[in-house]
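Peer 1: The sequence isn't on hand, but the structure is:
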């Protein structure tokens, strides 16, 4: 006994709607995950700037302390060897701050990659749902046509 056409149409419609809905929900979920990652990324940017600024400030204090110690020992703070030491220290201090910034920038790039991956996965799942709906409609149409 053949399946009645109204039942085939109802089955096709239900299958198509559920596939479209599942794809849309998957995309929403991945968009929410991407937004969460975006917030973490923004937080990392702020933390990186703060840590680098703190490092620079701490290095200024260390440099001032070192200059005071040199002057307190009776040495001339303007002497060439002292200036070379201070210059080396200042160069290393700035390098440390820039390394902190670089580490933060690397983490930010990783977050950006993850955001892109989440958005792409969501779009792909939505497309898969649409294709599954199309397949269900074509399958139902074939059943009706072949009777």
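Peer 2: Perfect, I can see it now. From a predicted model like this one, the values you see are computed outputs, not experimental measurements.
Peer 1: separation between the residue nearest the centre of the chain and residue 16?
Peer 2: Centroid-nearest residue in the chain, with Cα atoms, centre = their mean: residue 111, separated by 2.1 Å. Per Cβ to Cβ, to the nearest Å, residue 111 is found 37 Å from residue 16. Just so you know, the C-beta spots here come from the backbone N, C-alpha and C atoms, and that holds for glycine as well.
Peer 1: wouldn't residue 55 be in contact with residue 97 here?
Peer 2: Yes: judged on Cβ atoms under 8 Å, residue 55 makes contact with residue 97 at a distance of 4.4 Å.
Peer 1: the helices in this structure, which residues?
Peer 2: 5-72, 80-146 (DSSP state H).
Peer 1: Would you mind putting these into TSV with mean pLDDT alongside?
Peer 2: As requested, the helices of the chain are exported to TSV (pLDDT from 0 to 100):
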stretch	mean pLDDT
helix 5-72	91
helix 80-146	89
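Peer 1: Show the contacting residues for the closest residue to residue 103 other than its chain neighbours.
Peer 2: The shortest distance from residue 103 to any non-neighbouring residue, by Cβ to Cβ, 6 or more residues apart in numbering, is to residue 48 (7.2 Å). Residue 48 is in contact with 100-101, 103-105, 107-108, counting by Cβ atoms under 8 Å, 6 or more residues apart in numbering.
Peer 1: Just the buried residues of those.
Peer 2: 100-101, 104, 107-108 (16 or more other Cβ atoms under 10 Å).
Peer 1: This completes my enquiry, with thanks.
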